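Peer 1: following is a predicted model, sequence given first.
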Amino acid sequence: MSDITVSPPRPAPRSTWRRVLRGQEIGIFLVLLGMVAFFTLATGGASGTFLKPTNLTNIMLNFSWTAIAAFGMTFVIISAGIDLSVGSVMALAGLAAAFLIARDKSPFLTADGTVSEWAIPLAILAGLAVGALAGFINGLLITFAKLPPFIATLGMLQIARGIVYGLSQGWPIQNLPPNFMTIGRQNIPVAGVNFPLPTVIMLVVGIIAWIFLTRTAWGYRIFAVGGNEQASRLSGISVTRTKIMIYTISGLLAGAGGVLLTARLGVAAPTAAQGYELDVIAAVVVGGTSTSGGEGSILGTLIGAAIMGVLRTGLNLIGVEAYWLPSAQGIIIIAAITLDQWFRRRQGKPTGFAHWFSRGGK
Amino acid sequence: MQTEPILRVQGVSKAFPGVQALTDVDFEAYPGEVVALLGENGAGKSTLMKILAGAYTRDSGHIYLGGEEVELTSPHQAQSLGISIIYQEFNLVPTQTVAANIFTAREPLQPGVGRVVKLVDRRRMEAEAQRLLDIVGAHVSPTALIRSLPVAERQLVEIAKALSFDSRVIIMDEPTSALGKDETEKLFEIIRNLKAQGRAVIFITHRLNEVFRIADRVVVLRDGRLVGTAPIGAVDIDKVIGMMVGRSLSQMYQKEPAQIGDVVLDVKGLARAGAVEDVSFQLRRGEILGFAGLVGAGRTETARLLFGADARDAGEIWIDGRQPEIHSPEDAIRAGISLVPEDRGSQGLVLLLSVFKNEVLPNLSPHSRLGLLDGATLERQAAEYVQRLNIRTPSLEQKVMYLSGGNQQKVVLAKWLMSNPKVLILDEPTRGIDVGAKSEIYALMSQLARSGMGIIMISSELPEILAMSDRVLVMCEGRVTGILNRDELQNQEAAQEIIMSYATRHAVEGVPA
Ligand SMILES: Nc1ncnc2c1ncn2[C@@H]1O[C@H](COP(=O)(O)OP(=O)(O)OP(=O)(O)O)[C@@H](O)[C@H]1O
Ligand SMILES: [Mg+2]
């Protein structure tokens, strides 16, 4: 009968499409399509409001900053961690940028009372740097002080928000230069459709994050650390360095989202992005990233963010009062996590969130 | 045996996505009988046993218990019908105590009101656990946390737990693979006792000599089918191997004459409080240095210190005449040391990830440029090792958690063999691995040694140590108690005696270190 040798194993499928179609994303992608179909029919069919290019690009614009921060959160949750501080960090980064360029605050005023041109890129960099720094501190707290991620980032949530209130004294910072606000308002025509610049930035960041996660050694390490920290360490992975990197990236991307949000709104309000951490986490978990770590994808997160965005605009279009929106979002989140946990149980893997509260990850 | 079987399995099949794990298997167990269930890694042994334990449901077939057809729907129900199992993979909660693990879900309760509000009677639970631990000869406290125990002791806890059910049929899936010689003897004694009480024991192992010591009958599976069954008197080891692999193995141990070169690893005065004391030795290029000793002698700890997995209190590690800083596995890998750990489930694998990703984890840095991985090369190498070690997996993308226990072990080996270090430390490399693959691993070891690698092989199987080593270092209670040279190993029986005597006593005066 059979010899001792087996046939050589199939190599991993190289085509991304095949991976996607076999992967976990397919389920939620169908959910997204279903929602789009529903809202299309409910708003007058193919020629109705929902499918209008302007409506679609508007939806995309509205979840751009959430998605950008959610890409960072995807790394965090794959590593079996959590980052509660992203909303506050977004606000802090936006505020930092605004401080450098607001007409009544900026240290870079020219003689005629306008803000000098080169202050704008500086402000953007400052926003990104502030975000990265907050994330880096989260990373240090989690690795060196050995705080559970839940606690460390809960602390950072409060600290960053406090700094925002303190620095702004509770007043929104306005009078931002028009050239800065362009970043949030410019449209880029692609194939005859005007895409908002934040959406294009989101897609670029998404592609980079996707390559980072699936094609680089760093990405492999993130999955490994989330799947089995001890085995990762014994495979020569520096768990400490990997985690610090993950939280720094999360902070950096939250900072990017914050700068974009400020540019779009034209104002850095002290209450900006309040509670956004929940939207961001929701996008990630709805996108199929496992809260127990070790599994997840950027594409899933993008779809997750899109589902939340479509829900928001769609309900609005069919005339549901905005007051009811949180309930609808809650239902979507619970349904998605229920599915996720159910899959996991079937695969014989432990479920739960206990590791968020325990030291040193799982 | 004329009596009725306690357990009869008829025509059972089971498929997983992409794998037909069992096809139309018949199987019986009689009261007072020890059945050895044999087969290569991935043959379907564990799957069959998990069906009997109610952990998996079969696709088709019938199961009879005491003559009556039964439907096994959950582990709890199988237990109450009198079937208990020791799983191949540990099934203990690491953060709980030994006693709590033994009595999971059936903790003894306080009398009276305590019974109503389910107040656990901890004193009784611990006393009862202690009694069971004494039976299996485990020197652990019932209040110790599972995660603080080494593998061998966890295995004993598993055995104690299985005994506590008082079952008619007791399944042991590779219970001895984590045990040393003494513990194995103790287990055999327990099995003989169970047998005398008229229970049926189903015993899975890849150590074929054990089969001839304890089993009454062998049942062999191959590729999910029943190959045959025979009373133990009717077969010998070659016959059994033939049934398992479908051909005969020419030579088990493929040791090639070593070409011993310069010292590659020089260890001086390695120590860690409570575990390892003043360990010094040298390893040369092309040499296979066997580490012998009893379970708990400090061999695994020595390996972990060399690999930077634990911090050493004292000692110098020289590689190629230099003294690299080794404070973490990352440092060790950079310095050219690799370790295949003993507890492969929790330390060697990321179960959620694919075979491919697991294999490449320690090998990422040399294969990435500007951060981007050279996927094609890595895939070619990974596939090559899958084939060389005969890892049964439907594809490189299969998650490791769906492989059979032995095939998981092979993935750990593949991952470290791929890393091509200067010094390769193998902690129990053939544990849980089938005969065919074992001989392939020996051949690979010889080949790697010939290419100039220095190899340390920690093993509790003396035949393997004697056959493969160029020198043997013996440890006892954290110290090196003796080193045997190649010529001392020529006479195997004498060598065995010397090793055993070193392994059971403290360092004697004048032992060369
Ligand atoms: N949960 C699962 N999902 C998918 N495939 C599985 C699952 N469990 C087992 N298999 C596959 O079924 C086959 C039989 O596995 P099984 O664990 O029964 O082997 P085994 O004889 O116990 O091997 P070993 O000696 O390595 O323990 C293997 O090919 C394995 O990959
Ligand atoms: Mg098995």
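Peer 2: Yes, it's here. Residues are numbered from 1 along each chain as shown, chains lettered A, B, ... in the order given. Ligands and ions are numbered 1, 2, ... in the order given.

Peer 1: ok, residue B:166 to ligand 1 distance?
Peer 2: Residue B:166 sits 26 Å away from ligand 1, going by C-beta to the nearest ligand atom, to the nearest Å. (Glycine included, C-beta is placed from N, CA and C.)

Peer 1: whoops, residue A:42 was the one
Peer 2: From residue A:42 to ligand 1 the distance is 42 Å (C-beta to the nearest ligand atom).

Peer 1: show me what contacts that residue?
Peer 2: Residue A:42 is in contact with A:50, A:314, A:317-318, counting by C-beta atoms under 8 Å, 6 or more residues apart in numbering or on different chains.

Peer 1: do residue B:485 as well
Peer 2: residue B:471.

Peer 1: and it, how far from residue B:495?
Peer 2: 10 Å (C-beta to C-beta, to the nearest Å).

Peer 1: now do residue A:322
Peer 2: Residue A:322 is 83 Å from residue B:495, by C-beta to C-beta.

Peer 1: so the two - more neighbours on which side?
Peer 2: Applying other C-beta atoms under 10 Å in any protein chain shown to residue A:322 and residue B:495 shows that residue B:495 carries more neighbours, namely 20 against 9.

Peer 1: for the contacts of residue A:42, pick the one with the most neighbours.
Peer 2: Neighbour counts for the contacts of residue A:42 (other C-beta under 10 Å) peak at residue A:50, which has 23 neighbours.

Peer 1: on that earlier part again, let me have the contacts of residue A:42 in CSV, extended by pLDDT.
Peer 2: Listed next are the contacts of residue A:42 as CSV, based on pLDDT from 0 to 100:
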residue, pLDDT
A:50, 90
A:314, 91
A:317, 90
A:318, 89
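
Peer 1: identify, from those residues, the entry nearest to residue B:384.
Peer 2: residue A:314 (51.4 Å; C-beta to C-beta).

Peer 1: contacting residues for the residue nearest to that closest one when sequence neighbours are not counted?
Peer 2: Among residues not flanking residue A:314 along the chain, residue A:39 sits closest, at 3.7 Å (C-beta to C-beta, 6 or more residues apart in numbering or on different chains). Neighbour list for residue A:39: A:50, A:310, A:313-314, A:317-318 [criterion: C-beta under 8 Å, 6+ apart].

Peer 1: can you verify residue A:39 is assigned to a strand?
Peer 2: No - going by DSSP: H, G, I helix; E, B strand; the rest coil, the assignment for residue A:39 is helix, not a strand.

Peer 1: can you tell me how far it is from ligand 1?
Peer 2: Applying C-beta to the nearest ligand atom to residue A:39 and ligand 1 gives a distance of 39 Å.

Peer 1: how many neighbours does whatever residue of the stretch 301-450 of chain B ends up closest to ligand 1 have?
Peer 2: The minimum distance from the stretch 301-450 of chain B to ligand 1, using C-beta to the nearest ligand atom, falls at residue B:406 (2.6 Å). By other C-beta under 10 Å, the residues close to residue B:406 number 27.

Peer 1: I'd like the distance between it and chain A.
Peer 2: Using C-beta to the nearest C-beta, to the nearest Å, we find residue B:406 at a distance of 13 Å from chain A.

Peer 1: now do residue B:343
Peer 2: For residue B:343, the distance to chain A - C-beta to the nearest C-beta - is 9 Å.

Peer 1: which residues touch that residue?
Peer 2: Contacts of residue B:343 (C-beta under 8 Å, 6+ apart): residue B:151.

Peer 1: hmm, 10 Å instead?
Peer 2: If you count contacts by C-beta atoms under 10 Å, 6 or more residues apart in numbering or on different chains, residue B:343 has them with A:230-231, A:234, B:90, B:150-151, B:154, B:178, B:300, B:427-428.

Peer 1: filter the residues you listed down to the buried ones and hand me the ChimeraX line.
Peer 2: Selection of buried members from the contacts of residue B:343 for ChimeraX, criterion 16 or more other C-beta atoms under 10 Å in any protein chain shown:
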select /A:230,231,234 /B:90,151,154,178,300,427,428
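
Peer 1: which of the contacts of residue B:343 has the weakest pLDDT?
Peer 2: Taking the contacts of residue B:343 together, the minimum pLDDT is found at residue B:90 (75).

Peer 1: what's the closest non-adjacent residue to that one?
Peer 2: Among residues not flanking residue B:90 along the chain, residue B:154 sits closest, at 5.6 Å (C-beta to C-beta, 6+ apart).

Peer 1: can you tell me the element the one you found falls in?
Peer 2: According to DSSP states H and E, residue B:154 maps onto helix B:151-163.

Peer 1: and the closest residue to ligand 2 within the stretch 301-450 of chain B, what does it touch?
Peer 2: Residue of the stretch 301-450 of chain B nearest ligand 2, by C-beta to the ion: residue B:405 (4.2 Å). Taking C-beta under 10 Å, 6+ apart as the criterion, residue B:405 is in contact with B:41-42, B:45-46, B:87-89, B:173-174, B:177, B:204, B:206, B:344-345, B:431-433.
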